[in-house]
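1. sequence isn't available, so here's the structure alone:
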């Protein structure tokens, strides 16, 4: 399992006094401030949130050490990571997206469907983006209990029961 989890991203500057636009990926979006210090993807720079307030599309945040609009704008696109130990433990039927990426996906008969490449959410529910074993177009599979009855993190495997028509006939 990953030791660091992506909990948010900086989407640019907010105003002229060094605040940033912050998008939280947390179940409770405002809880992102509770997981500080946050770090960038490489783990080279730490960020402490000094102030956080709601803004359209997320939050306006003041980060310690970021005092100008230019410094805030330079952070655009920075992903923010928290140490797993700082995050709350999850119930048995919930997962951090980072833990699903890379898992093998098999159907109920044991045939390999591919590997989870990404977990996407466009508002309705999560989708697993699955890379087929031989390459080709990714499979987008709903991440619901009906379609994905088993997630075994220890074995590194997901058992899926895809709806008819989601996966084409391999003979095609």
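-> Great, that's in hand. Since this is a predicted model, take the numbers as computed values, not measurements.

2. when you work out contacts or count neighbours from here on, use the C-alpha atoms and nothing else.
-> Fine.

3. what is the burial count for residue 117?
-> 18 (other C-alpha atoms under 10 Å).

4. same question for residue 82.
-> Residue 82: 24 surrounding residues under other C-alpha under 10 Å.

5. likewise for residue 89?
-> 11.

6. how is it assigned, secondary-structure-wise?
-> coil (DSSP: H, G, I helix; E, B strand; the rest coil).

7. now the strands for the protein?
-> 4-14, 19-24, 38-39, 46-47, 49-55, 58-63, 79-83, 104-107, 112-121, 126-131, 139-142, 150-152, 157-160 (DSSP state E).

8. just those strands: most buried one?
-> strand 19-24 (a mean of 26; mean count of other C-alpha atoms under 10 Å).

9. who does it pair up with?
-> Note on strand 19-24: by DSSP bridges, its sheet partners are strand 4-14 (antiparallel), strand 58-63 (antiparallel).

10. how near is the nearest residue to residue 112 once chain neighbours are set aside to residue 25?
-> Nearest non-adjacent residue to residue 112, counting by C-alpha to C-alpha, 6 or more residues apart in numbering: residue 106, 4.3 Å away. Counting by C-alpha to C-alpha, to the nearest Å, the gap from residue 106 to residue 25 is 28 Å.

11. next one: residue 73 from residue 51, what distance?
-> Taken as C-alpha to C-alpha, the span from residue 73 to residue 51 is 17 Å.
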